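J.: Pasting the sequence and the predicted coordinates here, then a few questions.
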Amino acid sequence: MPQLVLWDIDHTLIDTRGVGRELSAAAFEEVTGQPMREQAKIDGITEAVIFRETAKLHGLTTDRADFERFAAALTAQHIRRANDLRERGHALPGAAAALEALAAANVRQTVVSGNVRAVAEIKLNVFGLDRHILWDGGAYGEDADLRPALVELALARSSSSASDTTLIGDTPADVEGGLETGVRVIAVATGRSSAEELRAAGAHSVIHDLTDTAALLKLVTADIL
């Protein structure tokens, strides 16, 4: 079976340049009735945890039903403002070429993301990066709180072994998700974490961005070509 790549989305494949936070704030106010004055930590964190911890910062206690309402509102905001996302955000340099090259090498690709699935699909579609993603094999922000559990779920859904899987992400949380499940990790320093921080987290390989398609392809497929 071809090798599997698990992609993170935000700051790995795309940058929303602030639009994502605006949409989260709008959905938060719609569901809770309170303006979002501040937001909990988001880097490498799942949407369910971000919502719960952000609510706590506003003195609110939430449950799963509240999160599900938030997820629906967040999806609606992304649909409504897809043009803003397209105009202000962008695919990161090399992202499209990397997805195409891996597909041409017969590597299966899916997503392990803190985004809820509907939002993940919208984000990659907006920037034309969804063509080769096998969505049913991925794991998303509504599926589990922590990255290792998401990786395990994606492996099961994709019928892949850890030894045949590579995770590509930009945060120490992505690295942790891969290491705890035995998945090889390529960390890309296109987010808020530096290359040094990603190496210190234990990533097997660290690259500065996705622009060297040949180098990325070699890192992913060296053991199957």
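T.: Sure thing, it's come through.

J.: Tabulate the CA atom coordinates of the lengthiest helix in the chain in CSV.
T.: The longest helix of the chain (DSSP state H) is helix 64-80. What follows is helix 64-80, C-alpha atoms only, in CSV (Å, rounded to 0.1, in the frame of the first residue of the first chain):
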residue,chain,number,x,y,z
ARG,A,64,-20.3,19.3,24.0
ALA,A,65,-23.6,20.7,22.8
ASP,A,66,-22.2,24.2,23.1
PHE,A,67,-19.1,23.2,21.1
GLU,A,68,-21.2,21.6,18.4
ARG,A,69,-23.2,24.8,18.0
PHE,A,70,-19.9,26.7,17.8
ALA,A,71,-18.6,24.3,15.2
ALA,A,72,-21.7,24.8,13.1
ALA,A,73,-21.5,28.6,13.5
LEU,A,74,-17.8,28.6,12.6
THR,A,75,-18.5,26.6,9.5
ALA,A,76,-21.2,29.0,8.5
GLN,A,77,-18.9,31.9,9.0
HIS,A,78,-16.3,30.3,6.7
ILE,A,79,-18.9,29.7,4.0
ARG,A,80,-20.2,33.3,4.3
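
J.: What are the buried residues along that helix?
T.: Within helix 64-80, the residues that qualify as buried are 66-67, 69-71, 73-75, 77-78, counting by 16 or more other C-beta atoms under 10 Å. Placement of C-beta: from N, CA and C, glycine included.

J.: Go ahead and measure how far it is from the middle of the chain.
T.: 17 Å (C-alpha atoms, centre = their mean, to the nearest Å).

J.: where do the strands sit along the protein?
T.: Using DSSP state E, the strands of the chain run over 4-7, 14-15, 90-91, 108-111, 165-169, 184-188, 205-207.

J.: who wins for proximity to Lys123 among the ones you listed?
T.: For Lys123, the closest of those is strand 14-15, at 6.0 Å, according to C-beta to C-beta.

J.: Understood, closing this out.
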